[in-house]
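Student: Here's my sequence, what's the structure:
(one chain, ligands or ions: 1)
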Amino acid sequence: VAGSQLIRQLTEALRCLPGVGPKSSQRMAYHLLERDREGARRLAQALSEAVEKVRHCVRCRILTENEICPICADPARDSASLCVVEMPGDVEAIQQATSYRGRYYVLMGHLSPLDGVGPEDLGLDRLLQRLASGEVREVILATNPTVEGDATAHYIAEQLHPQGIRVTRLAHGIPLGGELETVDRGTLAHAFSDRRDY
Ligand SMILES: [Zn+2]
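Tutor: Have a look, this model is predicted:
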């Protein structure tokens, strides 16, 4: 980028986005500055506001600007079922694809001993504490059908079986190695309603 330190700075900043390399970040920077300053202002404002205010719900860990997210706060939801997912985006995908009316718990990842991610990093102690109250009767394990997602589901199921809580896992149909977020709605809806005891 010739001539502008600020453009270089913007171009480098845009590379924090997934899948954005040097070429596309440069294209984005020029697009914003030459063709859409209004959009750029909105982007900057939305970004800074979200970064300041969005945090994790203290109960389920989805992203929200409230201390307790609208799903956890909604008294009409069924507290007897709890759906465990890896990432906040998975909640969004299940909300859009299914008629599930229970609650969620977001692990913020999966077990990955090689990367040093253990049960405590996923908040599993807090999850088990919550389940000990006896309110939850079914735990739906909706981790991704990857090696790590399966291992995580297996680990959680092992902790829950002695407690007499029904544990289910989404039916296959989600491509192996795939991620919930990227599966089409029909497939996800089917896998969800056709979940099996695990
Ligand atoms: Zn919540």
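
Student: what's the next secondary structure element after the longest helix anywhere in the chain?
Tutor: Using DSSP state H to define each element, the chain has its longest helix at helix 37-53. Downstream of helix 37-53, the next assigned helix or strand under DSSP states H and E is strand 55-56.

Student: List the neighbouring strands of that next one plus their orientation.
Tutor: Under the criterion DSSP bridges, strand 55-56 sits next to strand 63-64 (antiparallel) in its sheet.

Student: how far does the strand it pairs with sit from the chain's center?
Tutor: Centre-to-centre, strand 63-64 and its host chain are 10 Å apart (C-alpha atoms, centre = their mean, to the nearest Å).

Student: Quickly check: that strand near the ion or not.
Tutor: No. Using C-beta under 5 Å from the ion, strand 63-64 never reaches the ion; the gap is at least 6.6 Å. Every C-beta, even on glycine, is put in place using the N, C-alpha and C of the backbone.

Student: Helices along the protein, start to end?
Tutor: In order along the chain, the chain carries the following helices (DSSP H): 5-14, 22-34, 37-53, 70-73, 88-97, 124-132, 147-160, 185-193.

Student: Make CSV out of the ones you listed and add mean neighbour count.
Tutor: Listed next are the helices of the chain as CSV, based on neighbours: other C-beta atoms under 10 Å:
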stretch, mean neighbour count
helix 5-14, 14
helix 22-34, 15
helix 37-53, 11
helix 70-73, 16
helix 88-97, 19
helix 124-132, 15
helix 147-160, 18
helix 185-193, 17
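
Student: Need these in a markdown table (columns: distance to the ion and mean pLDDT).
Tutor: Formatted as a markdown table, the helices of the chain follow (distance: least, C-beta to the ion, whole Å; pLDDT from 0 to 100):
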| stretch | distance to the ion | mean pLDDT |
| --- | --- | --- |
| helix 5-14 | 31 | 95 |
| helix 22-34 | 33 | 96 |
| helix 37-53 | 16 | 97 |
| helix 70-73 | 3 | 94 |
| helix 88-97 | 9 | 92 |
| helix 124-132 | 11 | 87 |
| helix 147-160 | 18 | 91 |
| helix 185-193 | 19 | 82 |
